[in-house]
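>>> sharing a model that was predicted from the sequence below.
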Amino acid sequence: KIMHTVRLDRTHTGSILDIGGGGEGIIGRLYGRQVTAIDNRREELDEAPEGFEKVLMDACEMSFASASFDHVTFFYTMMFIAKDKQRRALAEACRCLRPGGTLEIWDAAFERAEPFVTELAVYVAGERIDVSYGVWEEGASQNLLRFQEMAGGLGLSEEVCEEAEGHFYLRWRKNTA
């Protein structure tokens, strides 16, 4: 199997809402106390390293006030959100994002999960973390274009769109007006 490489550097100041931030806690490892990570599975939060806030919460029904975070991240999270709930999770993320803030998605593109597994080498905070993410949901599929379409009408302007080796990265900025 080919391992995809992701390199993350500290580029954000301010507060970060990391959706699906349990498990390896990649964004939390990078930004520490700047991060509030949510996950809908307690065991994923328990598994994540210490150093950032961890909250048990559903991405489709977040209890945070509107415009309460400077940045929102989805690091290989969308594949774990049911297809019919992904737009709601994205809309909730936008609601929680301050005007001028960024929303980022790193994820894999796949046509059919039966099952789908991807292996990553993530370089973060001077450390290499090898991780596998996978789903086996009947009919699950996703691609970059789907998320670009979902972001339409949410008050976001696309800044970065990258795709390589079946993986993609999208970054939008929330409009200020």
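Happy to help now that I have it.

>>> longest strand of this structure?
strand 97-108 (DSSP state E).

>>> which element follows it toward the C-terminus?
Where DSSP states H and E defines the elements, the next helix or strand beyond strand 97-108 is strand 116-124.

>>> residues in contact with the residue lying closest to residue 42 once chain neighbours are set aside?
In space, and not counting its chain neighbours, residue 42 is closest to residue 56: 5.6 Å by Cβ to Cβ, 6 or more residues apart in numbering. All C-beta atoms are positioned from the backbone trio N, CA, C, and that covers glycine. Contact partners of residue 56, counting by Cβ atoms under 8 Å, 6 or more residues apart in numbering, are 38, 39, 40, 41, 42, 45.

>>> nearest to residue 70 among the residues you listed?
Closest approach between the contacts of residue 56 and residue 70, by Cβ to Cβ: residue 38, at 15.8 Å.

>>> so what's that closest one up against?
Taking Cβ under 8 Å, 6+ apart, one finds 17, 18, 19, 20, 21, 54, 55, 56, 57, 59, 62 in contact with residue 38.

>>> hmm, residue 34 and the second one touching each other?
The one in question is residue 18. No: using Cβ atoms under 8 Å, residue 18 is not in contact with residue 34, being 9.6 Å away.

>>> and those two? which has more neighbours close in?
Neighbour count, other Cβ atoms under 10 Å: between residue 18 and residue 34, residue 18 has more, with 30 against 20.

>>> relative to residue 171, how far out is that one?
Using Cβ to Cβ, to the nearest Å, residue 18 is found at 15 Å from residue 171.

>>> and the most centrally placed residue in the chain, bridged to which residues?
By Cα atoms, centre = their mean, the mean C-alpha position of the chain lies nearest to residue 74, the distance being 0.7 Å. Beta-bridge pairing of residue 74 under DSSP bridges involves residue 19, residue 105.

>>> that one: what's it in contact with?
Shown in contact with residue 74 (Cβ under 8 Å, 6+ apart): 19, 20, 89, 93, 103, 104, 105, 106, 107.

>>> for the residues you listed, which two are the farthest from each other?
Spatial extent of the contacts of residue 74 (Cβ to Cβ) is set by the pair 89 and 106 at 14.9 Å.
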